[in-house]
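1. just a sequence and a predicted model for now, questions to come.
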Amino acid sequence: MSEDAKWHWGEGMKYALEGIKTIFIVNGAASVSILTFIGNMKAHSRLLVFSMVCFAFGAASAVFTMLCAYLAQLYYGNSHHRRATSWHYGTYACGIAGLFLFLAGVLLVAFGLLQLP
């Protein structure tokens with residue numbers, strides 16, 4: 001691998017790591033904000049509780065994304081390309097799940113707030 005390719009690989013990994021951190025922070029912050037919002041209300045919608053669960057699972061998916069990425073890099077480094085490819089696609093699946101859960105949580109919040117008196 002050339003030095004230029006190594007540099008691009010390293011920079012790509014930095015951006016991927018920041019993306020995974022962002023999924024965790026956004027889902028975690030949304031979950032905490034909904035929990036605070038629900039705690040200060042006398043009446044609330046069940047959709048707000050479901051949205052909080054979506055955000056919590058979205059934050060957990062970031063942890064699984066990081067685990068899958070670590071295992072993919074471990075197997076790539078040890079030249080087990082078949083296993084590495086499986087973990088590589090698992091990383092994509094967990095990352096996309098985190099984004100999907102965030103969007104689902106946002107929609108549930110929106111519909112839950114519309115149901116409030």
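-> Arrived safely.
2. so for the lengthiest helix in the chain, what gets flagged as buried?
-> Using DSSP state H to assign secondary structure, the helix with the most residues in the chain is helix 3-39. By 16 or more other Cβ atoms under 10 Å, the buried positions in helix 3-39 come out as 20, 23-24, 26-28, 30-31, 34. Glycine gets a C-beta too; all of them are placed from N, C-alpha and C.
3. show me which of those residues is closest to Val106.
-> Ala30 (7.6 Å; Cβ to Cβ).
4. what's in contact with stretch 41-61?
-> With Cβ atoms under 8 Å, 6 or more residues apart in numbering as the test, stretch 41-61 has contacts from 23-24, 26-28, 30-31, 34-35, 37-38, 94-95, 97-99, 101-102, 104-106, 108-109, 111-113, 115-117.
5. out of the buried residues of helix 3-39, which is nearest to Leu71?
-> For the buried residues of helix 3-39, the nearest to Leu71 is Ile20 (13.8 Å; Cβ to Cβ).
6. distance from the chain centre to the helix or strand encompassing Ala56, please.
-> Assigned by DSSP states H and E, Ala56 falls within helix 46-77. Chain-centre distance of helix 46-77: 5 Å, with Cα atoms, centre = their mean, to the nearest Å.
7. in it, what counts as buried?
-> Applying 16+ other Cβ under 10 Å to helix 46-77 flags 47-48, 50-52, 54-62, 64-66, 68-69, 71-72, 75 as buried.
8. mean confidence score for that helix?
-> Averaging pLDDT along helix 46-77 gives 90.
9. now do the very next helix or strand once past that helix: which elements does it pack against?
-> Scanning forward in sequence from helix 46-77 by DSSP H and E, the next helix or strand is helix 81-115. Where contact means 3 or more Cβ pairs under 8 Å, 6 or more residues apart in numbering; DSSP states H and E, helix 81-115 is packed against helix 3-39, helix 46-77.
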